[in-house]
Each structure stands twice: as C-alpha cells, then as structure tokens.
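**Q** I'll drop the sequence and a predicted model, then ask my questions.
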Amino acid sequence: KAGVTQTPRYLIKTRGQQVTLSCSPISGHRSVSWYQQTPGQGLQFLFEYFSETQRNKGNFPGRFSGRQFSNSRSEMNVSTLELGDSALYLCASTKGAGVSSYEQYFGPGTRLTVT
Amino acid sequence: QKEVEQNSGPLSVPEGAIASLNCTYSDRGSQSFFWYRQYSGKSPELIMSIYSNGDKEDGRFTAQLNKASQYVSLLIRDSQPSDSATYLCAVKTGQGAQKLVFGQGTRLTINP
C-alpha cells in the first residue's frame, strides 16, 4: 500500500507571497492532519480534516488555511509569507475511525524556505 | 508546564545495551500515546502505539504506560547503531479529533 505523498518536496518563496502544499493520504484513510516542524518549536499541530470538514485547529494565524477534497486529498495554503514560516510542513493521515484510528502516518514533508 | 515533556538529550548508549526514553504528559484525560522515530532530514515514523496501562512489546521495542503517573516510556533492547535518531513522544488530546501533541524529542546515539 502506498504511503502518504506530499508535493512539492521543496519550495523557495519570497516574503509576501503565498504557497499551496498538497497531501495525498494513504488509500482508505479519511483523516488528514497538518503539522509545522521547526528546530525551535518542534512539531506543532496546524489543523485536521475529516470528510472534508475541519475538525480541529491549532494556534496559528489565519494566514494558514486548509481544505480537504472528496477523495480525502488535502491542501494547505499560507498567505502573505513571513520569514518565520520557513519550516518543514508535514501531513499525516489516519483511518479516522475504528481500531488504530488514531495512529498517524506521516508523509515525507515539504521543506519551505521563505527569503 | 508543557503538555508533553521529554528529556532532549542527547542520550548516548553503547551498542547492545538497553536505551530508555521517557515522556510525561499533563492532560490526565489523554488515552492514546505514540512513539515516533525521526532520522535526520526525514519525517517521523510511527514505531509504537499504546492505549492501556502496562507494557506493550514489539520486537526490540517495549512501550510502557502509567496513566496514574502520567508517564510513558520506550525501551529499546539490544540497541543498534541504526537506532540512532530522535525519538518523539506524542499524546492524543481532545475527543474524536486527531490532534497529536508532540514532545520536543530525545536525541539518541548508539555508540558501536
């Protein structure tokens, strides 16, 4: 079974621009969560989507948004990029229901650099 | 107080010994606990999940959970150099929604 895929793997953007990252979950997984990882703050939860609905949101500004499509694929968008948004953005998928439904499997991540 | 706390290390263990990694959490209502391994430059990889008090063994890995003490640990037996990585403790918080809170991670080095 294919794992979680994320595109693109690397991005370089300029301050003020916006960016869209994509995540395809493991087949059959309906929940997708997004995390930001930085050396200083570690792994921080951004938001989680299940059946196209945002179920939970972390403490990030409104510049960070996301959505999920009917095939469970998800995108996250960051508008008006700041230097501090440079990070590894990780997507994780879960079955979302049933036994082991809370086990999250991570994709390879998108490394975003803001200059 | 941080929601999930780990000793950041680095923890250095000789090859073949037992590595012991510890984690405490603040939300007494938490029910699901996970250990992830992250190699440098890679994404976290789930290695263990534990939901009930006691021990859970999987190969060379044993997870231990004590909800009364709000403590989770991971033991790695017969440590190998390939076990050198950062180990992240994660706790699921809230009802239903899939929010994991991660500790800062413990950097483990296995010395040949």
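**A** Structure received.
**Q** and the next helix or strand past the lowest-mean-pLDDT helix or strand in chain B?
**A** None of the helices or strands of chain B scores lower by mean pLDDT, DSSP states H and E than strand B:99-102, at a mean of 88. Downstream of strand B:99-102, the first helix or strand assigned by DSSP states H and E is strand B:106-111.
**Q** buried set for that following strand?
**A** Across strand B:106-111, burial judged by 16 or more other C-beta atoms under 10 Å in any protein chain shown covers B:106-108, B:110. Just so you know, the C-beta spots here come from the backbone N, C-alpha and C atoms, and that holds for glycine as well.
**Q** pairing partners for it, with directions?
**A** Strand B:106-111 has its sheet partners listed here by DSSP bridges as strand B:11-14 (parallel), strand B:85-93 (antiparallel).
**Q** could you tell me which residues of chain B lie near chain A?
**A** For chain B, the residues in contact with chain A (C-beta under 8 Å from any C-beta of the partner chain) are B:32, B:34, B:36, B:42-46, B:49, B:88, B:90, B:92, B:94, B:96-105.
**Q** now a ChimeraX select for only the buried ones of these.
**A** Only the buried entries of these go into this ChimeraX selection, using 16+ other C-beta under 10 Å:
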select /B:32,34,36,43,44,46,49,88,90,92,97,98,99,100,101,102,103,104,105
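**Q** hey, which of the strands paired with strand B:106-111 is tucked in deepest?
**A** Greatest average neighbour count among those goes to strand B:85-93 (a mean of 23), per mean count of other C-beta atoms under 10 Å in any protein chain shown.
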